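everything below, folded, please.
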Amino acid sequence: MDAYFIDHGFERSKSESTLYVKTQDTSTLIVALYVDALLFCGDDEKMIHDFKIEMMKRYEMSDMGLLHHFLGMEIYQENDGVFICQRKYAENILKKFGMSDCNPTLIPLAVNQKMKKEDGEKKIDACIYRSMSESTLSWCNKERVLRYIKDLTNFGIKYVKGAQVNLQGYCDSDWAGCLDDMKSTTGHSFSLGSSVFSWTSKKQESVAQSTAEAGYVAAAMATSHVYWLRKILGDIGMNRTRHINIKYHFIREAIEECEVQLTFSKSEDQVADIFTKSLPKEKFFKFRELLGVMEHHIKRENCS
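Presented below is the predicted three-dimensional model:
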């Protein structure tokens, strides 16, 4: 399929090998591959129509219409924007672990809670732990994360139509937040006009000797991610940036060449905090809203 795309005027992204872009006069068609599925969008209806016909003829594909479901996500294309959620996926997780009728909780972690491997509590079956970790991506005080998911089944991210395109990110660190190895946690998030579309919560690879070092490592990770995002945006015609080696000390060069701009963010406005530590309810709600996460009631017949 790669050869077909290249032969028919598409350019493959150098930063994302499954992304292809075709430009024709002032029109653009963007195609993303995932196993045997194709996701595509564009600004020219004829160009989209011709592409669908060609794909169905050549590869015996079926036209599934507008995107509604993908990799556990539900996508709702509305007049004022696009809403993405995982309601059905969340409900399946709760059912799998017998938590469908549990009492919900408003936040996933108790305030100032620090977790460790040996916390004095009863050990759980390793198979259950791995299964739940794969489903929820984190293990927060046993079933508490599931109780939080129970409260969040109608929530998702809304991307507002007509928002000004502006790549903006937040990054932060929780110094020595892991009690087992004293490693710090990096958190960053990026939005493009309205709501967050890329985020990370990850333990740093080495032990930072100070809050400054932990923050510097976090900033370096976020900056390297900015370059990757800007390359992707450049591939689809939104902006361009040159190649740069990814090293911790490259932040200074990035600032001097105006590739990125670092600004101080007060703790009450530091959205990335939500990815590094447990927060009080009021601050957690505020940051969650700033990320674009909101409640959105959807008619059940559209969610199957």
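
all contacts plus neighbour counts: C-alpha atoms, from now on.
Will do.

can you show me the helices along the stretch 1-150 of the chain?
Using DSSP state H, counting those that start in this stretch, the helices found in the stretch 1-150 of the chain span residues 2-7, 45-59, 87-96, 126-136, 144-151.

middle-most residue in this protein, spatially?
The centroid of the chain falls nearest to residue 198 when counting by CA atoms, centre = their mean (3.6 Å).

who are the contact partners of the closest residue to that one other than its chain neighbours?
Distance criterion CA to CA, 6 or more residues apart in numbering; nearest residue to residue 198, sequence neighbours excluded, is residue 190 at 5.3 Å. Going by CA atoms under 8 Å, 6 or more residues apart in numbering, residue 190 touches 167-170, 196-199.

downstream of the host helix or strand of residue 190, the next helix or strand is which one?
Using DSSP states H and E, residue 190 maps to strand 185-192. Where DSSP H and E defines the elements, the next helix or strand beyond strand 185-192 is strand 196-203.

domain ranges for this structure?
2-65, 68-162, 164-295 (automatic domain parsing).

can I get those in TSV with mean pLDDT?
Output for those, formatted as TSV (pLDDT from 0 to 100):
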stretch	mean pLDDT
domain 2-65	91
domain 68-162	81
domain 164-295	85
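
from those, which stretch is densest packed?
domain 164-295 (a mean of 17; mean count of other CA atoms under 10 Å).

how long is it end to end?
23 Å (CA to CA, to the nearest Å).

tell me the pLDDT at residue 1?
If you check residue 1, the pLDDT there is 84.

residues contacting it?
With CA under 8 Å, 6+ apart, residue 1 has no contacts at all.

phi and psi next, for residue 169.
Per-residue torsions, residue 169: phi -140, psi 160 (degrees, to the nearest 10).

one more: residue 268?
Residue torsions, per degrees, to the nearest 10, at residue 268 are phi -70, psi -10.

ok, for it, nearest residue in space, not its chain neighbours?
Residue 268's closest residue in space is residue 283 (CA to CA, 6+ apart), at 7.5 Å.
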